[in-house]
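**Q** my questions are about this predicted structure, shown below with the sequence.
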Amino acid sequence: MSPDRADSSITLSSAPSIAPSIMWFRHDLRICDNPALMAASQAGRPVAAIYIYDQQSERPLGAASQWWLHHSLAALEQDLSAVGLRLILLRGNPQIIIPSLAQELYKEELSKEEGAGGVFWNRRYDGYGVETDSQIKSALKDDGVQVQSFKANLLFEPWEIKNGSGEYYKVFTPFWRAAQKLGGIEPVFSTPKNIIGFAGRLADEVTLDDLDLLPRQPNWAHGFSQYFTPGSAGAREKLTRFLQDERPEKYDNDRNRPDLFATSRLSAHLAFGEISPRQIWHHTRAKTDKGDKFLSEIGWREFSYSLLFHNPKLARVNFKPAFDKFTWSGDKDKLRAWQRGQTGYPFIDAGMRELWATGWQHNRVRMVTASFLIKHLRIDWREGERWFWDTLVDADPASNAASWQWVAGSGADAAPYFRVFNPITQSQKFDPHGDYISKWVPELSRLPVKFIHTPWEAPEQILKQAGISLGQNYPAPIVDHKIAREAALAAYQAIRT
DNA sequence: TGAAATGTTGGGGCG
DNA sequence: ACGCCCCAACATTTC
């Protein structure tokens, strides 16, 4: 069925005794351009909006994402109440909760012939999500409960885009070309208005505070809200300013500069579905015809989801099996130095500290810090993927896994093994004034620009004037670039096929 | 969505 | 004025 997009306002004349439709929110925490919510609101019943916090899932949310989820759910509660809905929070295994909830709500109807009720959701594409949803869907159908799922969080379904031989693409450029050739992106769904909310209360409801999503002792997320406002309103604000500032037009030049405010910073909003790729697409296209470079980043997200859908273990298993033979270092001290931003390479440390302080890291910096972990420290990319999963507010099962594999060289359309980012050159190139380093590694902020990328090369006198004592208040480099690079190349050579 | 080593060219200093 | 060397600057190749 296809919901009516032209006229969103509906009037229901339902008797209070009618059991509600169930709108199951997952990572689509928005009321605009939400096809499942639209369909639920038009199904001729009241709507019960639920969110289930699933701690037992194959991969629980990381700590930073939990912080985001707390605030995102709070924002969704607000948005829903404006259209007459209350958000019902539950905790536990959806495979049990959804069917039993349907049983309870629809027990009066289930004996009848025509089938009962309706459960609505927007599709997910990670292995656990796909498996869970299809299991629930068949369980519901067996019980006689109607289910409808929708495309909401991608521009293209991962199974839609195939190459000449009928397979999914393994290279980005032809993938994105084929995707765009597929035709226009459908318009966004408007926000349903005047929905009749489910008036009842469920026995197992919990409060947002019950979910215990916020960090305490210490509250390491105290700085996050200075940079991000979870929720759809925050997302729209970010997008509007991004377009107003004409950043899509400058994206080609400035997107690689972590010292500038040049990217959209929409990643976490997208990860939680507070804004849809369709909305970003259409708003950008309406504002400028120079947004292709920016929109291709949406394309990378689509590509990553295609890879994840066809490789459910993308976060755990090398896409290229040859990498199974690679011998990684298990050096815990170096891993910790990387995580804490204590490698002695200012650009790397700035990135890792930005991540810790804000829950986010600039994309250019992600490539360099990831490359450093993998190639300079030769630590398994999965360690880095796991750390990012836990510390990023935008941690995304597709983008995170695909990007780490890209850097490692083990992924599809991956960086060639010999591409080793030089942490000094990258620093000089993309943080030319040292502003980014000064911000996140303040102990180096008094160094002249000439030495801020390479404090170990500064004369003793200069270091002294800047208040730095290497090895005391800022580490000496934990590896030598030239030696580490050559060792990495040798290690990669060894597994060449 | 690299970096480093190696090769080539051409201007300028200098005997 | 010429040849030689040095070395940027740029191009190519290799990892």
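**A** Yep, it's here.

**Q** so what sits opposite A:Phe120 in the bridge?
**A** A:Met23, A:Gln148 (DSSP bridges).

**Q** wait, doesn't it sit right on A:Pro20?
**A** No - checked against Cβ atoms under 8 Å, the pair A:Phe120 and A:Pro20 is beyond contact range at 10.8 Å. To be clear about C-beta, it is placed using only N, CA and C from the backbone, and glycine gets the same treatment.

**Q** next one, pLDDT for the residue in the stretch 51-200 of chain A that DNA strand B sits nearest to please.
**A** Scanning the stretch 51-200 of chain A for proximity to DNA strand B using Cβ to the nearest atom of the strand identifies A:Phe172 as nearest, at 5.7 Å. pLDDT recorded at A:Phe172 is 96.

**Q** now do A:Trp404
**A** 98.

**Q** mind checking which helix or strand it is in?
**A** Under the criterion of DSSP states H and E, A:Trp404 resides in helix A:397-408.

**Q** just give the number of residues close to A:Ile161.
**A** The number of residues packed near A:Ile161 is 22, by other Cβ atoms under 10 Å.

**Q** and the helix holding A:Trp404, what does it pack onto?
**A** helix A:292-310, helix A:363-371, helix A:381-391 (3 or more Cβ pairs under 8 Å, 6 or more residues apart in numbering; DSSP states H and E).

**Q** got the ones you listed as TSV, with distance to A:Val188 and mean neighbour count columns?
**A** Output for those, formatted as TSV (distance: least, Cβ to Cβ, whole Å; neighbours: other Cβ atoms under 10 Å):
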stretch	distance to A:Val188	mean neighbour count
helix A:292-310	14	21
helix A:363-371	26	23
helix A:381-391	30	21
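
**Q** now those helices in JSON lines, with distance to DNA strand C and mean pLDDT?
**A** Below are the helices and strands packed on helix A:397-408 laid out as JSON lines (distance: least, Cβ to the nearest atom of the strand, whole Å; pLDDT from 0 to 100):
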{"stretch": "helix A:292-310", "distance to DNA strand C": "23", "mean pLDDT": "97"}
{"stretch": "helix A:363-371", "distance to DNA strand C": "13", "mean pLDDT": "98"}
{"stretch": "helix A:381-391", "distance to DNA strand C": "20", "mean pLDDT": "98"}
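
**Q** turn those helices into TSV, including distance to A:Ser427.
**A** Converted to TSV, those look like this (distance: least, Cβ to Cβ, whole Å):
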stretch	distance to A:Ser427
helix A:292-310	23
helix A:363-371	8
helix A:381-391	19
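
**Q** quick one: which of the ones you listed is nearest A:Ile478?
**A** Of all the helices and strands packed on helix A:397-408, it is helix A:363-371 that lies closest to A:Ile478, at 13.5 Å by Cβ to Cβ.

**Q** next, count neighbours for the residue in chain A that DNA strand C sits nearest to.
**A** Taking Cβ to the nearest atom of the strand as the measure, chain A has A:Phe418 as its residue closest to DNA strand C, at 3.7 Å. For A:Phe418, the neighbour count with other Cβ under 10 Å is 12.

**Q** report the residue ranges of every domain in chain A.
**A** Residue ranges for the domains of chain A, per automatic domain parsing: A:21-153, A:154-187+A:225-310, A:321-494.

**Q** to A:Leu213, which of the ones you listed lies closest?
**A** Nearest of those to A:Leu213, taken as Cβ to Cβ: domain A:21-153 at 3.9 Å.

**Q** give me the neighbour count for A:Arg236.
**A** 18.

**Q** need the contact list for it.
**A** With contact set as Cβ atoms under 8 Å, 6 or more residues apart in numbering, A:Arg236 has these partners: A:Ile275.

**Q** list phi and psi for it.
**A** phi -60, psi -40 (degrees, to the nearest 10).

**Q** distance of it relative to A:Ile275?
**A** Using Cβ to Cβ, to the nearest Å, A:Arg236 is found at 7 Å from A:Ile275.

**Q** now do A:Trp389
**A** Counting by Cβ to Cβ - A:Trp389 and A:Ile275 are separated by 21 Å.

**Q** likewise A:Ala414?
**A** For A:Ala414, the distance to A:Ile275 - Cβ to Cβ - is 29 Å.

**Q** looking at the two, which is more packed in?
**A** A:Ile275 (23 against 19).

**Q** doesn't A:Ala233 make contact with that one?
**A** No - the criterion here is Cβ under 8 Å, and A:Ile275 misses it with A:Ala233 at 10.1 Å.

**Q** what is the burial count for A:Asp480?
**A** 12.

**Q** let me see the contact set for whichever residue of the stretch 251-400 of chain A sits closest to DNA strand B.
**A** Using Cβ to the nearest atom of the strand, A:Trp300 is the residue of the stretch 251-400 of chain A that sits closest to DNA strand B, at 4.8 Å. A:Trp300 is in contact with A:172, A:399, counting by Cβ under 8 Å, 6+ apart.

**Q** residues in the stretch 351-497 of chain A within reach of DNA strand B, list them.
**A** A:363-364, A:367, A:415, A:418-422, A:425-426, A:429, A:481-482, A:485 (Cβ under 7 Å from any atom of the strand).

**Q** greatest separation within the residues you listed: which pair is it?
**A** A:Asn363 and A:Lys482 (26.6 Å).

**Q** I'd say A:Gln405 and A:Trp381 touch.
**A** Yes - the pair A:Gln405 and A:Trp381 qualifies as a contact (Cβ under 8 Å) at a distance of 6.7 Å.

**Q** please enumerate the strands of chain A.
**A** With DSSP state E applied, chain A shows strands at A:21-25, A:47-53, A:87-91, A:116-122, A:145-150, listed in chain order.

**Q** dump those strands into TSV; add mean neighbour count as well.
**A** As requested, these are exported to TSV (neighbours: other Cβ atoms under 10 Å):
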stretch	mean neighbour count
strand A:21-25	27
strand A:47-53	23
strand A:87-91	20
strand A:116-122	24
strand A:145-150	20
